[in-house]
Every structure is written in C-alpha cells, then in structure tokens.
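Asker: no sequence on this one, just coordinates:
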C-alpha cells in the first residue's frame, strides 16, 4: 500500500498525506485540553499519547521512504521536480488553507452568545468584529481558490514542457 501511494503521489506527496495520522490526534488533544478544565469530560492526555505514538510511526515511515522505488515520471507534489512558481503557489495555497483552518478552529471553540447579544443590541464594535471575521473567511477562501488555480497552471506548464517534442512553454 505504501509503495502504491508513493508511486502515485511521490515521496513529498506521500509524506504530506501521511502526516494526517499524527496531525488529527494532535488537533484532538489541543481541542480537548482547551475544553477539559471547563467540562471535566475530555481526556486530553489520551489524545496526546495517541498523537505522540502516531508521530513516532510517521517519523518511522519517513525514514524508510527513501528506499521505496519510484518510476521516473512527473508527479505533482514532488519537490525535486517542482518549478519555483509551483513551489511558491503551493506555499501560498497552504498558507491560505492554514488561515481558514485557524478561523474554523476559533469559530468552533468560542462562545458566540455574547457577540450575538451585542450585535442584536446594535453595538458598533461587535458589528465591525463580525464583519471583519466574515471578510477574513472570504479572503481565505478566495486565496485558496486563486493560489490553487495558479499552482495548477504552473504544474500544467511544467508537464507540457517536459513532454518529448513539446514546444517550450512561454512565461
């Protein structure tokens, strides 16, 4: 299974995809440690232990990744093959995704009752805060879309220029 995933996504893509095995338990730990003092029902140390064990498993996978054979063909998320433009737009895409995840995390862990009450009372500060939060979410979604489109174009340009007999791509 690992060989098939590495063949499909390349070493870099596999490393990024497989990082979910430790990132999800660590996110659960972070969320439960925030809530544990309040409701006394979450067990953050269990999630932390699972996350740390999975981090060790992931690091073990990464150390063995170099020995997995891959055929020489273009792959989308192979850092050694990516152009500077692809790397730049992939980094931008990841930055916007991280910003949206941070916004969603904040939205999930905040008590919105006081803000709703203040907005319904017509207070200017909370209304501006709500508008700012909405604008932030819209900018993150638009940034994700734009950066992914630019990254896709850069990838298509790399693929078209790497085909035998293809005309050099114009910049």
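Answerer: All right, it came through fine. Predicted, not measured: the structure shown is a model, and the values here were computed from it.
Asker: got the domain ranges for the chain?
Answerer: Per automatic domain parsing, the structural domains of the chain span 1-78, 82-164.
Asker: turn the ones you listed into TSV, columns for mean pLDDT and mean neighbour count.
Answerer: Placement of C-beta: from N, CA and C, glycine included. Compiled in TSV, those are given as follows (pLDDT from 0 to 100; neighbours: other Cβ atoms under 10 Å):
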stretch	mean pLDDT	mean neighbour count
domain 1-78	72	14
domain 82-164	91	14
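Asker: so how far is residue 103 from residue 135?
Answerer: Distance check for residue 135 against residue 103: by Cβ to Cβ, to the nearest Å, it reads 11 Å.
Asker: ok, now residue 49?
Answerer: 29 Å.
Asker: kindly report the same for residue 20.
Answerer: With Cβ to Cβ as the criterion, residue 20 and residue 103 are 20 Å apart.
Asker: and for residue 85?
Answerer: 27 Å.
Asker: with residue 151 instead?
Answerer: 21 Å.
Asker: check contacts around residue 151.
Answerer: Taking Cβ atoms under 8 Å, 6 or more residues apart in numbering, we find residue 151 in contact with 86, 89, 90, 92, 93.
Asker: all helices of this protein, in order?
Answerer: 2-18, 20-39, 44-64, 84-109, 113-120, 124-162 (DSSP state H).
Asker: turn those into JSON lines, including distance to residue 70.
Answerer: Formatted as JSON lines, those follow (distance: least, Cβ to Cβ, whole Å):
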{"stretch": "helix 2-18", "distance to residue 70": "6"}
{"stretch": "helix 20-39", "distance to residue 70": "21"}
{"stretch": "helix 44-64", "distance to residue 70": "13"}
{"stretch": "helix 84-109", "distance to residue 70": "18"}
{"stretch": "helix 113-120", "distance to residue 70": "51"}
{"stretch": "helix 124-162", "distance to residue 70": "16"}
